[in-house]
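Student: Sequence and predicted structure below; questions after.
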2 protein chains.
Amino acid sequence: MDKFLQVAIEEAKKGLAEGGIPIGSVLVIDGEIVGRGHNQRVQKGSTVLHAEMDCFENSGRLKAADYRRATLYSTLSPCDMCSGTALLYGIPKIVVGENHTFCGPEEYVRSRGVEVQVVDNAECRQLMESFIRENPKLWNEDIGE
Amino acid sequence: MDKFLQVAIEEAKKGLAEGGIPIGSVLVIDGEIVGRGHNQRVQKGSTVLHAEMDCFENSGRLKAADYRRATLYSTLSPCDMCSGTALLYGIPKIVVGENHTFCGPEEYVRSRGVEVQVVDNAECRQLMESFIRENPKLWNEDIGE
């Protein structure tokens, strides 16, 4: 498996171990991880720190030229917020672990020129399926439902 | 002037006084302010806390039904990230101070069923025009350019 997706999965598991929602994300530039993160709704009471947002935040203030060579990895299909953040910073490529348990605006993101690659990874899907089964209310809150 | 836009302008000025980017935001539900915020790029070194994001974060974990009665005020047209967050949470109405100095994906947001009302407020515009003139590099960083 892609080693960067593997790190995103490690982040998701770290979140789960903390009692949080198991979604992880990694930002990669020129083959190096510049930031990683996981969903912080439970841990920080955050409504904006989805995994991808936590990852962008942990990556710090980068140059536009750096974002434009970056790949964003997420264990789950990015929602409207996280997709919008990738668009804001001109991220050219997003690698998605799975989009069965939730699917963000992938077609719109592609229409804006971003390559969205869906890996359909079994572990990413299993993590979300069991989390949603056990925590439907928390999960719905995270996706605004 | 709309009293809630006035509070958003106060937030923008608070940000400016802190050495930050002068954009402010307020979230209103049933005629009451439930959260307010301003851009935190400089103050917190944040790449995700645009004014609207800071406002969502400060509003705390609300119910989906509450977000769906909310109006988001921003002194400046929301970017892809902030627009995406409004879409995630199903915010039905956004009031925008001005969209001359920057214009986010307003038409796309409208196509998703959101009412976007642009007030064209002179003070909002003046705040951004002088900030951008004096801090072009910082401003470009904030919009990913």
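Tutor: Thanks, I have the structure now.

Student: Please, which helix or strand holds the closest residue to chain B within chain A?
Tutor: At 2.5 Å from chain B, A:G84 is the closest residue in chain A, using C-beta to the nearest C-beta. In this view, the C-beta of every residue, glycine as well, is placed from N, C-alpha and C. Following DSSP states H and E, one finds A:G84 within helix A:80-88.

Student: and the very next helix or strand once past that helix, which residues are buried?
Tutor: Later in the chain than helix A:80-88, the nearest helix or strand by DSSP H and E is strand A:93-98. For strand A:93-98, a neighbour-count test (16 or more other C-beta atoms under 10 Å in any protein chain shown) marks A:I94, A:V95, A:V96, A:G97, A:E98 as buried.

Student: Show me what the third one is bridged to.
Tutor: By that I understand A:V96. Bridge pairing for A:V96 (DSSP bridges) gives the partners A:S74, A:V118.

Student: Provide a list of residues in contact with it.
Tutor: By C-beta atoms under 8 Å, 6 or more residues apart in numbering or on different chains, the contact set of A:V96 is A:S74, A:L76, A:S77, A:P78, A:E106, A:V116, A:Q117, A:V118, A:V119.

Student: Show me which of those residues is closest to B:D142.
Tutor: The nearest member of those to B:D142, counting by C-beta to C-beta, is A:P78 at 20.7 Å.

Student: Tell me if I'm right that the closest one and A:G104 touch.
Tutor: Yes. Counting by C-beta atoms under 8 Å, A:P78 touches A:G104, with 4.7 Å between them.

Student: So if I had to pick from the two, which one is more boxed in?
Tutor: It is A:P78, of A:P78 and A:G104, that has more neighbours when counted by other C-beta atoms under 10 Å in any protein chain shown, with 29 against 25.

Student: Just the element for that one, please.
Tutor: Using DSSP H and E, no helix or strand contains A:P78.

Student: So which bits of chain A are right by chain B?
Tutor: Contacts of chain A with chain B, taken as C-beta under 8 Å from any C-beta of the partner chain, map to A:41, A:45-49, A:53, A:56-57, A:59-64, A:67, A:79-85, A:87-90, A:108, A:140-141, A:143-145.

Student: Buried among those? Make that a ChimeraX selection.
Tutor: Those of the residues of chain A next to chain B that count as buried under 16+ other C-beta under 10 Å are selected in ChimeraX with:
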select /A:41,46,47,48,49,53,56,57,59,62,67,79,80,81,82,83,84,85,87,88,89,90,108,141,143,144
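
Student: longest single helix anywhere in chain A?
Tutor: Longest helix in chain A by number of residues (criterion: DSSP state H): helix A:3-17.

Student: pull the CA atoms of it into CSV?
Tutor: Only the C-alpha atoms of helix A:3-17 are listed here, as CSV (Å, rounded to 0.1, in the frame of the first residue of the first chain):
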residue,chain,number,x,y,z
LYS,A,3,3.2,4.5,2.5
PHE,A,4,1.6,7.9,2.9
LEU,A,5,-1.9,6.4,3.0
GLN,A,6,-0.5,4.1,5.7
VAL,A,7,0.5,7.1,7.7
ALA,A,8,-3.0,8.6,7.3
ILE,A,9,-4.4,5.3,8.6
GLU,A,10,-2.0,5.5,11.6
GLU,A,11,-3.4,9.0,12.3
ALA,A,12,-7.0,7.7,12.1
LYS,A,13,-6.1,5.0,14.6
LYS,A,14,-4.5,7.5,16.9
GLY,A,15,-7.7,9.5,16.8
LEU,A,16,-9.8,6.4,17.6
ALA,A,17,-7.5,5.5,20.5
